[in-house]
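J.: quick check, what structure comes out for this input:
(4 chains, ligands or ions: 1)
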Amino acid sequence: MARVVVDVMLKPEILDPQGQAVANALPRLGISDVSSVRIGRRIEIEFAGAADPERVREIADKLLANPVIEDFTIQEVAEPATEAEAEAVPAGDPA
Amino acid sequence: MARVVVDVMLKPEILDPQGQAVANALPRLGISDVSSVRIGRRIEIEFAGAADPERVREIADKLLANPVIEDFTIQEVAEPATEAEAEAVPAGDPA
Amino acid sequence: MTTQSDTASSEADEASLPAQVSYDNLDGPDTVERAGATSDELQPFAELGLRDDEYERIRGILDRRPTQSELAMYSIMWSEHCSYKSSKVHLRQFSEKAPPNDRMLAGIGENAGVIQITDELAVTFKVESHNHPSFVEPYQGAATGVGGIVRDILAMGARPIAVMDPLRFGAADHEDTARVLPGVVAGIGGYGNSLGLPNVGGEVVFDPTYQGNPLVNALCLGVLPVNRLQKKDAAGPGNIVVLMGAKTGRDGIGGVSVLASATFDDGSEARRPAVQVGDPFTEKLLIEACLELYDANLVVGIQDLGGAGLTCALTETAASAGTGMRVWLERVPLREQSMDPHEILASESQERMLLIVKPEQLDEVLAVADKWGVLATAIGEVTPSEVSGLPGRLRITWRDHLVVDVPPASLVDDGPVYARPMREPSDLILLQADRAETLPRPANPDDLRATLLRMIASPNLCDKSWVTEQFDRYVLGNTVLAQPEDAGVIRIDEESGLGVALSVDGNGRYTRLDPYNGAKLALAESYRNVAVSGAKPVAVTNCLNFGSPEDPAVMWQFAEAVRGLADGCLELGIPVTGGNVSFYNQTGAAAIHPTPVVGVLGVIDNVADRVPIGFAQPATGDGDLIFLLGE
Amino acid sequence: MSARVGVVTFPGSLDDGDAARAVRVAGGEAVRLWHGDSSLHGVDAVVLPGGFSYGDYLRTGAIARFAPVMESIIDGARGGLPVLGICNGFQILCEAHLLPGALTRNSHLHFRNRDQWLRVSATNTAWTNSFESDQDVLIPLKSGEGRYVADQATLDELAANGRIVATYQRGNPNGSERDIAGVTNEAGNVVGLMPHPEHAIEALTGPSLDGLGFFTSILKHLAGASA
Ligand SMILES: Nc1ncnc2c1ncn2[C@@H]1O[C@H](COP(=O)(O)OP(=O)(O)O)[C@@H](O)[C@H]1O
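T.: Sure, this is the predicted structure:
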């Protein structure tokens, strides 16, 4: 059983209204030293068997990310980590 | 300058219709061995100076995640990694 | 001269561009001084969509070669989209044939037409296209289409109060439709719902002609007190130019990125034109801030930033007043610090407005912006006309380098105007010969039943609630009629019950068969829809969606449709108050069906008298009588 | 003197004008409150209206909850001040932990605007005392994140103590747990409701007049309290 994490973020030049809204709210929580916030999606995929990197890339490209405005990175995670004690192990498989 | 990543995922017992929609679309791509898809948020925060783990935890707990339905994990990332070649280095700072 | 590849070249294959001068290793930006000294330097004007003679005209106007920034500005302002260079000669009929009308406070040429409906109140409405961006990125394309038309209405001094969305997609079961339609509908809802604008009608039409080129048109209605009408004039030398709203990023810079570098090496990848992403929250704040500024009389002139960004707003406001302008471009708040001057001038970042304000009121203006949490920055000032008596010049510096020095009107009014060749499509006679009368008709009850079932099952006739349920139609509490009614009816005045009715209609298939009558039919349908709601039609807006104007057959369709619409308006006695032309709607050489979409606005003295569709339930005894009017 | 009902405007509020109109139509005085002003200006009750406060980009209601006015409202609500959260207001009340549970993305993932039948099952709250028990009402629903969720223990507790204010009838429009359309706190002064009663107060513009009951209820409640 393999677990893969696909992180999808807006390309750097694309406006990120979500991140901006959070960044603007932080000073009200007394936090003023944040220079930028970007918000994307984290997608956890669990395979019944092994995860074929090519197939994962295809899923990410076709279904999870919108290549017009988003980039994605793929990591295989050692252990299903549903609970809080997650330790992401980067598989270094950037898009 | 520190970069922190907060991952926010719905608690396992909460229905994730977005993840389900992706899972349901996979067979159309010829992929049938995925047992689950969960979609959450990835929030990248850049601090002007160092990131105080306590403050990050507070932001995550108060603002970024809703503890009624969501769990979060925090990782400090070694290097600003705006571009595609991101390599997440887990700082092992789970919530 | 049957085809001209010039205006389409901004969409040309980048890899095939000839080598041009590279500005990359310049020490600082390309300045006016440098342009004067290197007047023979080769410039990539053709890649920016300018023809040889257009480029020569620019050199003539400036008496030197344009700087990199100026070249970008001319190429944008003289593009089909901004200059209406192919349509202008035809659109004139809308004014020439317009019936006399003393209620039209603003008409064609303004951001939107304004019609006075009582001593105190006026309404404004306009429909615009966002077809191409919606095909590339359906959600954001449609969303920013709504955002753009709302800012047009806002710029007139009006509060936006409703939207409509005439949509056309390819075949319902085609995979492109499956990709595009859900995103478009979600985008229109996502933006309009977040602004709190009720969606009171539209169209969803499926036809294979729109397969590679869906039509996403958006209409906005606004209301204003007559004395709040705004102008775009940058009047009053010494007045301050303020940019309000979102930061400027590399959104939709399009062909202008050609200027960054002539060679498309790996490094230029990041400079590719980026899709515009909408931020409805910022737009909502922008609306509230603008309205508060209008009500406090703090605005001398205002213009929204649309397709041509700062370039358009700066030149139009100055040209409209005949003044000059001095702009310090480095004051523009940027999302990406590495942006070059020409990129800032060409950026299509959304949710921005340009304001002209009096210096002594600047602080008040900034305070209102701050109250609503909107960024507002003084970036320049209005300057007088030249000592020679000529209109003022637009001078823009970038960190003390003069990068633009142009007569603003040369970009706005002196663009090229073409009487493009026209020819009736060669297949038209055949199409027209194939009469509907020759089609088999259902001859018995079974056939009739089968035909009826087929019609009911047609995606074009079926229930549209899957779409309309994604739109808020209740917000603002004045929606008297909305889908599935023939026209949307909005109450304007709670005391008197005064309201307006709106409908948008078009039929590409009719127009393909007969552009003149097809356009008239679209007008007639929209007019009828408004009339049957109980309102008196008073004004027309339109969005003319056509193929390439360089194709004589398309140009003929366009000319005929405009003639038909203008004649129809004359016959019905209502004016066209504004609209939008969208050319180049085609896939390869195949143009879409010519699709004029016509919006009609009517006034109803008391919305309690509106007439809904459907038979009313008889309150007492006798049922209502049914009449069929017409032939 | 008529009761004074505050209506809060956050940046991004959309139905604030409609909520104020509903208060007026019911016979009360609507007092507009501003998100950045922590004073409640002596109002007798508060409505948090619908909309997309602060854009709602992160999570609905997440940022609005930290507005200065909310601090006063949270304090007031704990002391018995009647508060009605409609749609986005309901989301804000959950984020502020004045109400249990959370509102999440509709299970079908679409925004949905529909005339919705509801059953008003709790009529002992400050905002529902004008209704008959189990009265069915028709009220517009319009939301993309209206699916009410809470853990089973909370849901059981809400059901057992009559704290489910309204449930969806004739079909669940968004996948809410136990068809929940609205809940109240233990004291019955704070109510959250996903559908929009302020859009059902006039025959010309709404599907019914049923929404008015929520606004006449609060006036009745306040009159009773001051009598
Ligand atoms: N894209 C849309 N947005 C909003 N309303 C729409 C849209 N498409 C259709 N409608 C509305 O749905 C109703 C039915 O549309 P339609 O079947 O095209 O009616 P008709 O044929 O009478 O014009 C009309 O009220 C129309 O305004």
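J.: for the rest of this, base every contact and every neighbour count on C-alpha atoms.
T.: Fine.
J.: got a list of what A:Ile39 touches?
T.: A:9-10, A:16, A:18-19, B:41-44 (CA atoms under 8 Å, 6 or more residues apart in numbering or on different chains).
J.: which ones among those residues map onto strands?
T.: A:9-10, B:41-44 (DSSP state E).
J.: who wins on neighbours among the residues you listed?
T.: A:Met9 (27 neighbours; other CA atoms under 10 Å in any protein chain shown).
J.: hmm, A:Ile74 and it touching each other?
T.: No: if you go by CA atoms under 8 Å, A:Met9 and A:Ile74 don't touch, sitting 11.6 Å apart.
J.: sec struct for residue 22, please.
T.: No chain specified, so I'll use chain A. Here A:Val22 takes the helix state, with states given by DSSP: H, G, I helix; E, B strand; the rest coil.
J.: isn't it right up against D:Leu58?
T.: Yes: contact status for A:Val22 versus D:Leu58: in contact at 6.9 Å, counting by CA under 8 Å.
J.: who has more neighbours, the two?
T.: Taking other CA under 10 Å, A:Val22 and D:Leu58 do not tie; A:Val22 has more neighbours (24 against 21).
J.: identify the bridge partners of C:Gly599.
T.: When assigned by DSSP bridges, C:Gly599 has beta-bridge partners C:Val504, C:Thr541.
J.: any idea how many residues pack against it?
T.: C:Gly599 is flanked by 30 other residues according to other CA under 10 Å.
J.: do the same with the one 5 residues further on
T.: The burial count assigned to C:Ile604 is 25, neighbours taken as other CA under 10 Å.
J.: and it, how far from C:Leu523?
T.: Here C:Ile604 is placed at a distance of 19 Å from C:Leu523 (CA to CA, to the nearest Å).
J.: next: C:Gly157.
T.: 27 Å.
J.: what of A:Arg28?
T.: From A:Arg28 to C:Leu523 the distance is 53 Å (CA to CA).
J.: between the two, who's got more neighbours?
T.: Set side by side, A:Arg28 and C:Leu523 show more neighbours around C:Leu523, with 30 against 13, by other CA under 10 Å.
J.: can you tell me the closest non-neighbouring residue to the more buried one?
T.: Among residues not flanking C:Leu523 along the chain, C:Val598 sits closest, at 5.7 Å (CA to CA, 6 or more residues apart in numbering or on different chains).
J.: hang on, the one you found packs against C:Asn507?
T.: No: C:Val598 lies out of contact with C:Asn507 (CA under 8 Å); the separation is 9.7 Å.
J.: which residues are common contacts for the two?
T.: C:Ala522.
J.: which of the two has more residues huddled nearby?
T.: Neighbours were counted for C:Val598 and for C:Asn507 using other CA under 10 Å; C:Val598 has more, 29 against 19.
J.: give the contact list for that one.
T.: Contacts of C:Val598 by CA under 8 Å, 6+ apart are C:504-506, C:522-523, C:526, C:540-543.
J.: what do you get if the cut-off is 10 Å, keeping everything else the same?
T.: Contacts for C:Val598 (CA atoms under 10 Å, 6 or more residues apart in numbering or on different chains) come out as C:127, C:166, C:503-507, C:519-527, C:540-544, C:565, C:576, C:579.
J.: these in helices, which ones?
T.: Those of those mapping onto helices are C:519-527, C:565, per DSSP state H.
J.: per-residue confidence at the residue of the stretch 351-500 of chain C found nearest chain B?
T.: Residue nearest to chain B within the stretch 351-500 of chain C: C:Gln470 (17.2 Å; CA to the nearest CA). If you check C:Gln470, the pLDDT there is 98.
J.: tell me where chain D has strands.
T.: So, for chain D - with DSSP E - the strands run D:4-9, D:29-34, D:45-48, D:83-86, D:102-104, D:112-120, D:135-143, D:147-149, D:164-168, D:180-184, D:190-193.
J.: who wins for proximity to chain B among the ones you listed?
T.: Nearest to chain B, of the strands of chain D and by CA to the nearest CA, is strand D:102-104 at 6.8 Å.
J.: helices of the stretch 401-550 of chain C, start to end?
T.: Assigned by DSSP state H, counting those that start in this stretch, the helices in the stretch 401-550 of chain C fall at C:408-412, C:428-433, C:445-457, C:465-468, C:508-513, C:515-532.
J.: which one of those is the most hemmed in?
T.: helix C:515-532 (a mean of 25; mean count of other CA atoms under 10 Å in any protein chain shown).
J.: for chain D, longest helix please?
T.: As assigned by DSSP H, the longest helix anywhere in chain D is helix D:212-226.
J.: and C:Gly623, how many neighbours?
T.: 11.
J.: and for C:Glu33?
T.: With other CA under 10 Å as criterion, C:Glu33 counts 13.
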